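S.K.: With the sequence up front, the predicted model follows.
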Amino acid sequence: MNISDRSQGADCLPGGGVRYRTWAPGKEVTVVISNARADLRRVRLEEIEGGYRSAIDREGRAGDRYKYRFEGNDWPDPASRFNPEGVHGPAEVIDPRSYAWSHDGWVAPPLSELVIYEVHLGTFTPAGTFRGALEKLDHLAALGVNAIEIMPVADFPGERNWGYDGVLLYAPARVYGSPNDLRSLIDAAHGRGLTVILDVVYNHLGPDGNYLGCYSREYFNPTHKTPWGDGFNFELQPVRDFFVGNAAYWRREFHVDGFRLDATHAIADGSEKHVLAEIAERVQSSGGFVIAEDERNEAALLRPREKGGLGLDAIWSDDFHHVVRVMLTGMREGYYRSYRGTIDELAATLDQGWLLAGKKRAPQGLGRLGETEDLRPEQFVFCITNHDQVGNQA
């Protein structure tokens with residue numbers, strides 16, 4: 001594995017030692033390496049191109065724990081592969097080569113064949129862990145599904161979370177287990193013919209344990225507003241690399257087959273190539289696929305890049321769920337007011353892929369049909385329920 005595959009983080013070198021690299025423009029940075037008892041070593045990071053700082057600890061090895069020290073404080077690594085003491089604690093150096101894959105040659109079936117089961121690892125089993133979920137894979141296979149969509153696992157503060165307040169995008173949540181426990185789950189899923197989709201969040205980080213701004217305020221662009229505050233500065237290459245490289249990381253080091261990108265309507269980017277197109281391109285280049293969640297029902301997300309689209313593979317079609325719920329329950333509150341739950345609406349949704357399109361749904365009536373004539377049926381993911389609908393009814 002090429003150590004340059006990640007723009008930041010701690011990487012074990014083939015000949016021994018650990019390379020540390022972080023983006024902290026204008027800051028003097030030292031990595032403080034420790035174990036459970038005491039600080040072991042301090043290594044000063046040298047400035048390299050683009051505001052990055054890097055150093056090699058020749059004595060380093062997998063299992064070392066570390067923080068970066070600058071401006072009088074010790075800070076968690078935003079690119080940590082594992083934080084066993086929580087998001088405010090030190091990162092642990094992980095060697096991804098330590099796991100021996102049993103189903104390295106697995107190839108996922110085409111999107112048109114996928115039957116997806118959404119899984120929240122904290123509630124899927126009494127144990128609420130990667131290992132606990134592994135024990136239930138036979139149940140899912142017998143159920144008839146052939147894909148599991150795992151809700152976000154990026155580490156978060158506290159013990160339980162839906163995953164949408166994650167702050168360490170490269171670190172599987174320690175409450176679910178170790179990185180190799182997650183690898184074991186994915187490996188076992190592939191052995192049972194189950195495709196693995198990972199839900200990832202690139203529109204914001206949670207408020208507790210989000211240290212990106214301590215490294216640089218340039219991670220954020222104040223002209224990009226989201227419901228959670230300033231959006232990310234995807235126009236800046238180091239920021240872009242941090243997020244684009246994240247999807248590639250889960251694909252490469254964990255053999256994730258595809259991704260569900262959370263709330264892509266909240267990902268703003270003024271670059272010539274939108275960051276969503278670059279993420280899709282990177283994932284697809286290694287055989288993976290990308291599914292968007294987007295409230296706009298925007299066909300350009302799915303159109304090929306050579307035709308001016310972003311080239312994502314598929315999109316959640318919430319309209320199907322909403323039409324069916326109104327049809328079966330008569331519920332007309334909130335966004336359900338835009339749906340009448342008729343056979344005609346259901347037929348139109350099945351035919352078109354979605355019913356309404358545009359940034360804002362009409363409060364009443366049909367709105368306008370999405371322009372989907374050039375899209376394929378397998379590009380639309382239909383569901384009868386998902387985490388949002390369960391949560392909204394709680």
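M.R.: Okay, I see it. Residues are numbered from 1 along each chain as shown.

S.K.: Every contact and neighbour count from this point should use C-alpha atoms.
M.R.: Will do.

S.K.: what sits opposite the residue nearest in space to the middle of the chain in the beta ladder?
M.R.: Against the mean C-alpha coordinate of the chain, by C-alpha atoms, centre = their mean, the closest residue is Val200 at 1.7 Å. Beta-bridge partners recorded for Val200 (DSSP bridges): Leu261.

S.K.: I'd say it and Pro152 touch.
M.R.: Yes. Contact criterion C-alpha atoms under 8 Å: Val200 and Pro152 qualify, at 5.5 Å.

S.K.: where's Ser54, which helix or strand?
M.R.: Applying DSSP states H and E as the criterion places Ser54 in strand 52-57.

S.K.: Paired strands for the helix or strand that that strand is followed by, with orientation please.
M.R.: Using DSSP H and E, the helix or strand that follows strand 52-57 in sequence is strand 65-70. Note on strand 65-70: by DSSP bridges, its sheet partners are strand 30-34 (antiparallel), strand 73-75 (antiparallel), strand 91-92 (antiparallel).

S.K.: Point out the most buried one among the ones you listed.
M.R.: Stretch with highest mean neighbour count among the strands paired with strand 65-70: strand 91-92 (a mean of 28; mean count of other C-alpha atoms under 10 Å).

S.K.: Need the strands paired with strand 65-70 in TSV (columns: mean pLDDT and distance to Val283).
M.R.: Formatted as TSV, the entries for those read as follows, by pLDDT from 0 to 100; distance: least, C-alpha to C-alpha, whole Å:
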stretch	mean pLDDT	distance to Val283
strand 30-34	96	31
strand 73-75	97	30
strand 91-92	98	26
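
S.K.: what ranges do the helices span in the stretch 51-200 of the chain?
M.R.: Remark: helices assigned in the stretch 51-200 of the chain by DSSP state H, counting those that start in this stretch are 121-124, 130-134, 137-143, 179-191.

S.K.: now do the same end-to-end measure for stretch 142-155.
M.R.: 31 Å (C-alpha to C-alpha, to the nearest Å).

S.K.: which of the residues in stretch 159-168 are buried?
M.R.: Buried residues in stretch 159-168, defined by neighbour count with 16 or more other C-alpha atoms under 10 Å: Asn161, Trp162, Gly163, Tyr164, Asp165, Gly166, Val167, Leu168.

S.K.: which one of those is nearest Met331?
M.R.: Of all those, Trp162 has the smallest distance to Met331: 25.4 Å, by C-alpha to C-alpha.

S.K.: show me what contacts Ile315?
M.R.: Contacts here follow C-alpha atoms under 8 Å, 6 or more residues apart in numbering; on that basis Ile315 touches Ile291, Ala292, Glu293, Asp294, Leu302, Gln379, Phe380, Val381.

S.K.: Can you tell me how far Leu350 is from Lys273?
M.R.: Taking C-alpha to C-alpha, one finds Leu350 at 32 Å from Lys273.

S.K.: Looking at the two, which has the bigger crowd around it?
M.R.: Taking neighbours as other C-alpha atoms under 10 Å, Leu350 and Lys273 compare with Leu350 leading, 17 against 12.

S.K.: The more buried one sits in which helix or strand?
M.R.: Going by DSSP H and E, Leu350 is in helix 343-352.

S.K.: Let me see the mean pLDDT of that helix.
M.R.: Mean per-residue pLDDT for helix 343-352: 93.

S.K.: Leaving out sequence neighbours, find the closest residue to Gly51.
M.R.: Nearest non-adjacent residue to Gly51, counting by C-alpha to C-alpha, 6 or more residues apart in numbering: Pro25, 4.1 Å away.

S.K.: and the one you found, how many neighbours?
M.R.: By the measure other C-alpha under 10 Å, the count of residues near Pro25 is 18.

S.K.: Find the helix or strand that it is a member of.
M.R.: Using DSSP H and E, no helix or strand contains Pro25.

S.K.: how close does the nearest residue to Glu373 once chain neighbours are set aside get to Phe380?
M.R.: Distance criterion C-alpha to C-alpha, 6+ apart; nearest residue to Glu373, sequence neighbours excluded, is Gln352 at 7.3 Å. Separation of Gln352 from Phe380 (C-alpha to C-alpha): 9 Å.

S.K.: circling back: strand partners (parallel or antiparallel) of the strand holding Ser54?
M.R.: Strand 52-57 has these strand partners (DSSP bridges): strand 18-23 (antiparallel), strand 46-47 (antiparallel).

S.K.: how far is the first one from where the chain is centred?
M.R.: In this case it means strand 18-23. Centroid separation between strand 18-23 and its chain, computed with C-alpha atoms, centre = their mean, to the nearest Å, is 22 Å.

S.K.: Could you do the shortest one as well?
M.R.: The gap between the average C-alpha position of strand 46-47 and the chain average comes to 30 Å, counting by C-alpha atoms, centre = their mean.

S.K.: One more: stretch 322-334?
M.R.: Distance, centroid of stretch 322-334 to centroid of chain: 30 Å (C-alpha atoms, centre = their mean).
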